[in-house]
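Enquirer: how would this look folded up:
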Amino acid sequence: MLGAAKRNRVALMKATEALPTPLSGAKMWPLSVEAYHALGEAGLIPKRTELLYGIVYHKMPKSPLHSYLLLRLLDCFRSFCPPVCFSPRTTG
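Expert: Modelled structure (predicted):
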């Protein structure tokens, strides 16, 4: 007989409904958000992943080109927007 905690984990790991075709060549595992978080907290899912429409994808590392373009875009925004747009948010 399964314990309550184990039954809950098993229930969380049920596959989701049929989904649109994912990117070709991507490694995937259909999961619910709850199962994804439970597996992440248990350390059973690698850090560089994300859950999109019930499928866990490995995140690709950012290329040097990506980093360069992001910095250029940020520079462009800074030149056109007032400085208050880029100041850290404060809670109050």
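Enquirer: any idea how far residue 52 lies from residue 41?
Expert: Separation of residue 52 from residue 41 (Cβ to Cβ, to the nearest Å): 19 Å. C-beta here means a position set from N, CA and C on the backbone, and glycine is covered the same way.
Enquirer: higher neighbour count, those two?
Expert: Set residue 52 next to residue 41 and count neighbours by other Cβ atoms under 10 Å: residue 52 wins out with 13 against 9.
Enquirer: list phi and psi for that one.
Expert: Main-chain torsions, residue 52, degrees, to the nearest 10: phi -130, psi 120.
Enquirer: who's it bridged to?
Expert: Beta bridges link residue 52 to residue 55, judged by DSSP bridges.
Enquirer: I'd say residue 36 and residue 51 touch.
Expert: Yes. When contacts are counted by Cβ atoms under 8 Å, residue 36 is listed as touching residue 51 (4.5 Å).
Enquirer: could you check how far residue 48 is from residue 77?
Expert: 27 Å.
Enquirer: same check, this time on residue 60
Expert: Residue 60 is 24 Å from residue 77, by Cβ to Cβ.
Enquirer: mean confidence for the top helix by length along the chain?
Expert: With residue count as the measure and DSSP state H as the assignment, the chain has helix 64-80 as its longest helix. In this model, helix 64-80 has an average pLDDT of 90.
Enquirer: that one: which residues count as buried?
Expert: Buried residues in helix 64-80, counted by 16 or more other Cβ atoms under 10 Å: none are found.
Enquirer: how about the strands of the protein, start to end?
Expert: For the chain, the strands defined by DSSP state E occupy 49-52, 55-58.
Enquirer: mind checking the ones you listed for the one nearest to residue 30?
Expert: Ranking the strands of the chain by proximity to residue 30 (Cβ to Cβ) places strand 55-58 first, at 5.8 Å.
Enquirer: all set, thanks.
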